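Peer 1: Build the 3D model from these lines:
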Amino acid sequence: MVHVSNHNQVFNFETVDDLYRFLTYSEKRVPLISAHRGGPAADYPENAIETFQRIAYKTPAIIECDIALTKDSALVLMHDETLQRTTTGKGRVGRHTLEELQELNLKDVDGKVTKYKIPTLEETLLWGVGKVIFTLDVKRNVPYRLVIDAIRKAKAEAYVVVITYSADQAAVVHNLAPELMISASIRSAEDLIRLNDRDVPDTRIVAFVGTSPIDKKVTDLLHQHGILCILGTIGNLDRQAMQRGEQVYAEFIENGADILSTDRPLEAAKSLDYYIRKRGLSSPYIN
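Peer 2: Predicted structure coming up:
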């Protein structure tokens, strides 16, 4: 079991209804960062609880992390299908038991071995209550049902969003767990219609609008439906902010993004913090 120190509560979600309200668009909404793969840095590996804690100490954050399946059907946090890049192990994740994986150590972004271990989804969810909101990227070959069972077992419905990549996947998750929030890819009005046609309600959706500058028509439409927009700044847009200055992150918010999924969470958070204070924004759900 991972032992990390506890710290003050960041989010106050008593019930899943609180999460729905928090993730519904209004002009007074507080923009947020989403730390891609949990916000790895030197000495802090991706998909590690200690890395999530480092971010959560510094800013209210959504933690995006990746769910993989072991040989003995345990759910662990791991992005790649193989172990080499991020751990001291070799071979495919799915060919190892949980016990074997727990012998390994995680590597940081520079390939340096750390003392940190591969966390299970269960211990991650139990750690996260009150501290972060999770968006769970369920890897191929991992049944949604197993992930939903783990969320329910940890009573984590009020601080978890499940990522889907198509209207069909969104419908599968919604049918299995109508109470859960879903991140759905929406780049056009047609994408929203496809979700509505499959009976996925607007109140359960946050929209991933892509990784390139936003189409204002799309974000305006989504906002009219009460849907928050996640812009992926990972890649080009993060590089743009590095070149032009961190205020670029606030410009993305001005242009219609509500959440920035970024590889530079602390830099983006600083820019958003300035934006939030300048506009006097606050939420009853953030301490």
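
Peer 1: Following element in sequence after the longest strand along the chain, please.
Peer 2: In the chain, assigned by DSSP state E, the strand with the most residues is strand 61-69. Next helix or strand after strand 61-69 toward the C-terminus (DSSP states H and E): strand 75-77.

Peer 1: and that following strand, what does it pack onto?
Peer 2: strand 61-69, helix 121-128, helix 144-153 (3 or more CB pairs under 8 Å, 6 or more residues apart in numbering; DSSP states H and E). C-betas here are computed from N, CA, C, even on glycine.

Peer 1: Apply 10 Å and report the result again.
Peer 2: If you count contacts as 3 or more CB pairs under 10 Å, 6 or more residues apart in numbering; DSSP states H and E, strand 75-77 packs onto strand 61-69, helix 98-101, helix 121-128, strand 133-138, helix 144-153.

Peer 1: Relative to residue 283, which of these is closest?
Peer 2: In this view, the helices and strands packed on strand 75-77 are compared for proximity to residue 283 by CB to CB, and strand 133-138 is the closest at 12.0 Å.

Peer 1: tell me the angle of the closest one relative to helix 144-153?
Peer 2: Interaxial angle, strand 133-138 versus helix 144-153 (axes from the mean of the first three to the mean of the last three CA atoms, to 10 degrees): 160 degrees.

Peer 1: What pairs with strand 133-138, parallel or antiparallel?
Peer 2: Using DSSP bridges, strand 133-138 pairs in its sheet with strand 61-69 (parallel), strand 160-163 (parallel).

Peer 1: could you redo those as JSON lines and give each row mean neighbour count, mean pLDDT and distance to residue 241?
Peer 2: JSON lines is the format used below for the strands paired with strand 133-138 (neighbours: other CB atoms under 10 Å; pLDDT from 0 to 100; distance: least, CB to CB, whole Å):
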{"stretch": "strand 61-69", "mean neighbour count": "25", "mean pLDDT": "98", "distance to residue 241": "17"}
{"stretch": "strand 160-163", "mean neighbour count": "24", "mean pLDDT": "98", "distance to residue 241": "23"}
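
Peer 1: is it possible to export these to CSV including distance to residue 33?
Peer 2: Output for the strands paired with strand 133-138, formatted as CSV (distance: least, CB to CB, whole Å):
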stretch, distance to residue 33
strand 61-69, 6
strand 160-163, 14
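
Peer 1: Point out where the stretch 1-150 of the chain drops to low pLDDT.
Peer 2: 1-8 (pLDDT under 70).

Peer 1: at 50 what do you get?
Peer 2: 1-5 (pLDDT under 50).

Peer 1: re earlier: please name whichever of the strands paired with strand 133-138 is nearest to residue 211.
Peer 2: Closest among the strands paired with strand 133-138, using CB to CB: strand 61-69, at 13.2 Å.

Peer 1: now the angle from that closest one to helix 121-128?
Peer 2: 170 degrees.

Peer 1: ok, back up a step: so which of the helices and strands packed on strand 75-77 gets nearest residue 113?
Peer 2: helix 98-101 (15.1 Å).

Peer 1: How far off centre is that closest one?
Peer 2: For helix 98-101, the distance from its own C-alpha centre to the chain's C-alpha centre is 25 Å (CA atoms, centre = their mean, to the nearest Å).

Peer 1: now do stretch 234-247
Peer 2: Relative to the chain's own centre, stretch 234-247 is displaced by 20 Å; criterion: CA atoms, centre = their mean.

Peer 1: Convert the C-alpha atoms of that stretch to CSV, please.
Peer 2: This file holds the C-alpha atoms of stretch 234-247, laid out as CSV (Å, rounded to 0.1, in the frame of the first residue of the first chain):
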residue,chain,number,x,y,z
ILE,A,234,-0.6,18.6,-24.6
GLY,A,235,1.8,19.0,-27.5
ASN,A,236,1.5,22.1,-29.8
LEU,A,237,-0.4,24.4,-27.4
ASP,A,238,1.9,23.7,-24.5
ARG,A,239,4.8,24.5,-26.7
GLN,A,240,3.1,27.7,-27.8
ALA,A,241,2.8,28.7,-24.2
MET,A,242,6.5,28.0,-23.6
GLN,A,243,7.4,30.2,-26.5
ARG,A,244,4.9,33.1,-26.0
GLY,A,245,4.5,33.0,-22.3
GLU,A,246,2.2,31.5,-19.7
GLN,A,247,-0.6,34.0,-20.3
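
Peer 1: mind listing what's buried in the top helix by length along the chain?
Peer 2: When the chain is parsed with DSSP state H, its longest helix is helix 265-279. By 16 or more other CB atoms under 10 Å, the buried positions in helix 265-279 come out as 265-273, 275-276.

Peer 1: And stretch 206-218, by the same measure?
Peer 2: 206-210, 213-214, 218.
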